[in-house]
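Colleague: with the input below, show me the fold.
(one chain, ligands or ions: 4)
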Amino acid sequence: MSKIPVIEMFGPTIQGEGAVIGVKTMFVRTYGCDYRCSWCDSAFTWDGSAKDKVTMMEPQEILAGLLELAGENFNCVTISGGNPALIGEAIGEFITLLHERGIQAAIETQGSRWQDWFNDVDVLTISPKPPSSGMKTDWDKLHEIMLRVGNHGKAAHSLKVVVFNQEDYEYARKVHFKYPEVPLFLQPGNDNVTEEGDISGRLLGRLEWLFNLVIADPQMNRARVLPQLHALIWHNKRGK
Ligand SMILES: C[S@@+](CC[C@H](N)C(=O)[O-])C[C@H]1O[C@@H](n2cnc3c(N)ncnc32)[C@H](O)[C@@H]1O
Ligand SMILES: Nc1nc2[nH]cc(C(=O)O)c2c(=O)[nH]1
Ligand code: SF4
Ligand SMILES: [Mg+2]
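Modeller: Ligands and ions are numbered 1, 2, ... in the order given. Now for the predicted structure:
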């Protein structure tokens, strides 16, 4: 039986981002990422600082862990990371276990890798990375993924672009132009992920800035602009 490197499990909490914002969900965060975004708010999944916290878990053990944490108090599990798309069939098996119990599976990934289990996901969020991240988008790979989820998947899929500056905004426009039929969510970047205390004022200022860009832009009439809702409420606290 193949295993999944899990760095944390938490919840129930409220999905704070994207297409299913506001939904009660558990989180399973996998270890390891093929990217190194300069502003990553979950860098402990790849920078080595929490390596000793990784547990290799079978799908059944993860489900048992979630049930222990929350009992029956959830019907959605969000698998994030790191990049969960680095992991093969074990996640497919985990999704099957969730579905057997009538639980939905949501995925957060950046669109750099495909896995066949994407087709079985209920909510697939693809979040390609803008220039401020320091990462370079492989547009061919992203295109392959968008075609595959569009043609075969049952997944309700959407694109989510984090925007820190004007150049990132241009990148988001490019993504929207390439995939105009796919729901696009814009999310302002949190430029200090270690600040303690109440960061909501700073984040709301960035949200207003992004609102104003979209309001002025006829190319973005269908984009949706959302905060990281959990960060407004729980700030930079981990496991929320
Ligand atoms: C930590 S990532 C993990 C999943 C996957 N690696 C990805 O990037 O899509 C989860 C989400 O948080 C977003 N994110 C990470 N750091 C952020 C920051 N400083 N401000 C706003 N969003 C951030 C990412 O863009 C992604 O949409
Ligand atoms: N509440 C909450 N919502 C989220 N949406 C995406 C998250 C992530 O880190 O992938 C996240 C997270 O870490 N917490
Ligand atoms: S792709 Fe996601 S997890 Fe990986 S470094 Fe970027 S934001 Fe962090
Ligand atoms: Mg997060």
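Colleague: what about the residue lying closest to Ser2 once chain neighbours are set aside, neighbour count?
Modeller: Take Ser2 and drop its neighbours on the chain: the residue closest to it by C-beta to C-beta, 6 or more residues apart in numbering is Ala90, 4.0 Å away. C-beta: built from backbone N, CA, C; applies to glycine. Burial of Ala90 is recorded as 20 neighbouring residues (other C-beta atoms under 10 Å).
Colleague: what residues does this structure put near ligand 2?
Modeller: Residues of the chain lying near ligand 2 by C-beta under 6 Å from any ligand atom: 13-17, 42, 80, 108, 230, 240.
Colleague: now tabulate these in TSV and tack on neighbour count and pLDDT.
Modeller: What follows is those, written out as TSV (neighbours: other C-beta atoms under 10 Å; pLDDT from 0 to 100):
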residue	neighbour count	pLDDT
Thr13	18	98
Ile14	15	98
Gln15	22	98
Gly16	20	98
Glu17	21	98
Ser42	19	98
Ser80	19	99
Glu108	25	98
His230	16	98
Lys240	15	97
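Colleague: would you point out the most distant pair within those?
Modeller: Farthest pair in the residues of the chain next to ligand 2 (C-beta to C-beta) is Ile14 and Ser42. Separation: 17.3 Å.
Colleague: separation between the closest residue to Ala19 other than its chain neighbours and Asp34?
Modeller: The spatially closest residue to Ala19, leaving aside those adjacent along the chain, is Ser158, at 4.4 Å (C-beta to C-beta, 6+ apart). If you measure Ser158 against Asp34 using C-beta to C-beta, to the nearest Å, the figure is 21 Å.
Colleague: the more surrounded of those two?
Modeller: The residue with more neighbours, out of Ser158 and Asp34, is Ser158; 19 against 14, by other C-beta under 10 Å.
Colleague: how about whichever strand or helix holds that one against ligand 3, any contact?
Modeller: Secondary structure from DSSP states H and E places Ser158 in strand 156-163. No: with C-beta under 6 Å from any ligand atom as the criterion, ligand 3 is not reached by strand 156-163; the gap is at least 7.8 Å.
Colleague: and that strand, anywhere near ligand 1?
Modeller: Yes: contact between strand 156-163 and ligand 1, assessed by C-beta under 6 Å from any ligand atom, occurs at 160, 162.
Colleague: list the neighbouring strands of that strand plus their orientation.
Modeller: strand 123-126 (parallel), strand 184-188 (parallel) (DSSP bridges).
Colleague: CSV for those strands, including distance to Leu142, mean neighbour count and mean pLDDT?
Modeller: Shown next, in CSV, are these (distance: least, C-beta to C-beta, whole Å; neighbours: other C-beta atoms under 10 Å; pLDDT from 0 to 100):
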stretch, distance to Leu142, mean neighbour count, mean pLDDT
strand 123-126, 8, 24, 98
strand 184-188, 13, 23, 98
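Colleague: right, and these - which one's nearest Ala216?
Modeller: strand 184-188 (13.5 Å).
Colleague: alpha carbons of the helix or strand just after that closest one, as PDB, please.
Modeller: Using DSSP H and E, the next helix or strand after strand 184-188 towards the C-terminus is helix 200-215. Only the C-alpha atoms of helix 200-215 are listed here, as PDB (Å, rounded to 0.1, in the frame of the first residue of the first chain):
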ATOM      1  CA  SER A 200      -6.600  42.200   8.700                       C
ATOM      2  CA  GLY A 201      -6.200  45.900   8.100                       C
ATOM      3  CA  ARG A 202      -3.200  45.400   5.900                       C
ATOM      4  CA  LEU A 203      -4.900  42.500   4.000                       C
ATOM      5  CA  LEU A 204      -8.100  44.600   3.500                       C
ATOM      6  CA  GLY A 205      -6.000  47.400   2.100                       C
ATOM      7  CA  ARG A 206      -4.500  45.000  -0.500                       C
ATOM      8  CA  LEU A 207      -8.000  43.700  -1.300                       C
ATOM      9  CA  GLU A 208      -9.300  47.200  -2.000                       C
ATOM     10  CA  TRP A 209      -6.300  47.800  -4.300                       C
ATOM     11  CA  LEU A 210      -7.200  44.700  -6.200                       C
ATOM     12  CA  PHE A 211     -10.900  45.500  -6.300                       C
ATOM     13  CA  ASN A 212     -10.000  48.800  -7.900                       C
ATOM     14  CA  LEU A 213      -7.900  47.200 -10.600                       C
ATOM     15  CA  VAL A 214     -10.700  44.800 -11.500                       C
ATOM     16  CA  ILE A 215     -13.400  47.500 -11.300                       C
END
